[in-house]
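J.: predicted coordinates and the sequence they were generated for:
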Amino acid sequence: MNNEALKRYARLIVKTGLNLQKNQTLVIASPIECADFTRLTVQTAYDEGAREVVVRWTDELTSKITYKSAPDEIFDEFPDWQKQFYEFYDAHNAAYLSISASDPELFKDVDPGRLSRANKAARTALKVHSERLMGNKIRWCIASVPTKAWAKKVFPDAPEQEAVDMLWDAILKAVRADSSDPVAEWARHTDSLKAHMEKLNKHQFDALHIKNSLGTDLVIKLPKGHIWLGGSELSADGVEFIANMPTEEIFTAPRRDGVDGTVVASMPLNYNGNLIEDFSITFEKGRIVDFSAKKGYEVLKQLIETDEGAHYLGELALVPYDSPISNMNILFYNTLFDENASCHLAIGKAYPICLEGSDGMTPEELEAAGINNSLVHVDFMFGTADLEITGVKDSGEQVPVFRKGNFVI
Ligand code: ZN
Ligand code: ZN
């Protein structure tokens, strides 16, 4: 991979994604296989004035050995020192970068019960930290770097090194790092996302009716005072940042008890090292009352049964069918990319920032206002070329929002 392109990408993540400030600490979670790029990012962060860069190396192959071989009781435990790690760096106002690069099916022969318990133990212990992230109290960014196993899943016919190069090309294109001035490209891009956001915020639809020929027929009510967000956001100290790179979506929170009908997924979902495929979910008054999956049923079941909040939705995001990542026609098997190629929903926790006046509200007050709470937040995709979305106002007036998969508003 061209070193200049990688440097541009690292700088884009540090400057535009995290918007790392002089003297700020950066915490990076990175797979060991991505060490070359992570070291480059560490150097970039110091060049931009970081106080300290702390890397937490992860290795999913070690995790797999643990899941398969460790005694059963450890999967309900989460070590206190790891919790203290995040408390320490939260207190020091660190920024967080997460490098997302996993083998989509690595854990397919691991007991899904163990995966789900370990996930729940970690999420319970790190609840305060993840609420700080989701409430934009601190700046964070998720970005990706290819690994061999992931690249081979995306490009199965190419030899390994070629597959890795192809995935690099696709990632750099998706994050606009292939242009000569990606920072300026991103400023233009986030402005264009704002145009649709502003229109939807002005409409304040009571509900959206979503339909396509795959079988999706869903009415989603929106909370009073909901806010559509997208592109860049502001952290608590008023500094702009971009939490996901790439990002092509605008999103809001569905009303917790206001979802009725069925949604059919349009892409496989990579969750916890497993693929869930050909699945659909049915809702009544917001709650999941039925679901099916041709593949990964047990993993989907464990996800929904994480807690009561995982029976409800926490995000509705709109992405035009005719948009840059969608037009690449690549199934990435990685939610960071696939969600930005397709309209999607999330099972679980909603972003409180999607509700006016939510700052300082208790979890109970948020729930009463329609904002769902859960230990999990997992996106899944439903966008198609024939997707229709119609906005319904309080007065009953109907306004076309999407026709043939794209915005018409
Ligand atoms: Zn989203
Ligand atoms: Zn999401």
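T.: Great, that's in hand. In this text, all values refer to a predicted model and were calculated from it rather than measured experimentally. Ligands and ions are numbered 1, 2, ... in the order given.
J.: ok, what's across the strand from the residue of the chain found nearest ligand 1?
T.: Residue nearest to ligand 1 within the chain: Ala317 (3.8 Å; CB to the ion). From N, CA and C alone the C-beta is placed, and that goes for glycine too. For Ala317, the beta-bridge partners are Phe251, His344 (DSSP bridges).
J.: quick check: it touching Glu248?
T.: No: taking contacts as CB atoms under 8 Å, Ala317 lies outside contact range of Glu248: 9.3 Å.
J.: can I assume Pro165 sits in a helix?
T.: I think there's a mix-up here, since residue 165 is Asp and not Pro. Yes: assignment of Asp165 by DSSP: H, G, I helix; E, B strand; the rest coil places it within a helix.
J.: now it, nearest residue through space, not along the chain?
T.: Sequence neighbours aside, Met1 is the residue nearest to Asp165 in space, at 6.7 Å (criterion: CB to CB, 6 or more residues apart in numbering).
J.: with Asn340 instead?
T.: Glu248 is the one closest to Asn340 (CB to CB, 6+ apart), at 4.3 Å.
J.: which SS class is that neighbour?
T.: Applying three-state DSSP: Glu248 is coil.
J.: re the thing from before, the residue of the chain closest to ligand 1 - how many residues pack around it?
T.: Using other CB atoms under 10 Å, the number of residues around Ala317 comes to 23.
J.: show me the contacts for it.
T.: For Ala317, the contact set (CB atoms under 8 Å, 6 or more residues apart in numbering) comprises 249-251, 339, 343-346, 379.
J.: hmm, 6 Å instead?
T.: Residues counted as contacts of Ala317 (CB atoms under 6 Å, 6 or more residues apart in numbering) are 249, 251, 344.
J.: which phi and psi does Ile389 have?
T.: Ile389 adopts backbone torsions of phi -130, psi 130, taken as degrees, to the nearest 10.
J.: count residues in the vicinity of the nearest residue in space to it that is not next to it in sequence, would you?
T.: Closest residue to Ile389 in three dimensions, ignoring its sequence neighbours and counting by CB to CB, 6+ apart: Phe402, at 3.7 Å. For Phe402, the number of neighbouring residues by other CB under 10 Å comes to 24.
J.: helix or strand next in line after the helix or strand containing Phe402, which one?
T.: Under the criterion of DSSP states H and E, Phe402 resides in strand 398-403. Downstream of strand 398-403, the next assigned helix or strand under DSSP H and E is strand 406-407.
J.: quick one: contacts of the strand holding Phe402?
T.: 387-392, 408-409.
J.: switch to 7 Å and redo it
T.: With CB atoms under 7 Å, 6 or more residues apart in numbering as the contact definition, strand 398-403 has outside contacts at 203, 208, 387-393, 407-409.
J.: now these as a markdown table including secondary structure and distance to ligand 1?
T.: Shown next, in a markdown table, are the contacts of strand 398-403 (DSSP: H, G, I helix; E, B strand; the rest coil; distance: CB to the ion, whole Å):
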| residue | secondary structure | distance to ligand 1 |
| --- | --- | --- |
| His203 | helix | 20 |
| Leu208 | strand | 15 |
| Leu387 | coil | 16 |
| Glu388 | strand | 20 |
| Ile389 | strand | 16 |
| Thr390 | strand | 21 |
| Gly391 | strand | 19 |
| Val392 | strand | 22 |
| Lys393 | coil | 24 |
| Phe407 | strand | 16 |
| Val408 | coil | 21 |
| Ile409 | coil | 19 |
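J.: now that we have these, which of them are buried?
T.: 203, 208, 387-392, 407 (16 or more other CB atoms under 10 Å).
J.: how about those, which pair is most distant?
T.: Spanning the widest gap among the buried ones among the contacts of strand 398-403 are His203 and Leu387, at 18.2 Å by CB to CB.
J.: rewinding a little: and the residue nearest to Ile389, how far from Ala341?
T.: Between Phe402 and Ala341 the distance is 15 Å, computed by CB to CB, to the nearest Å.
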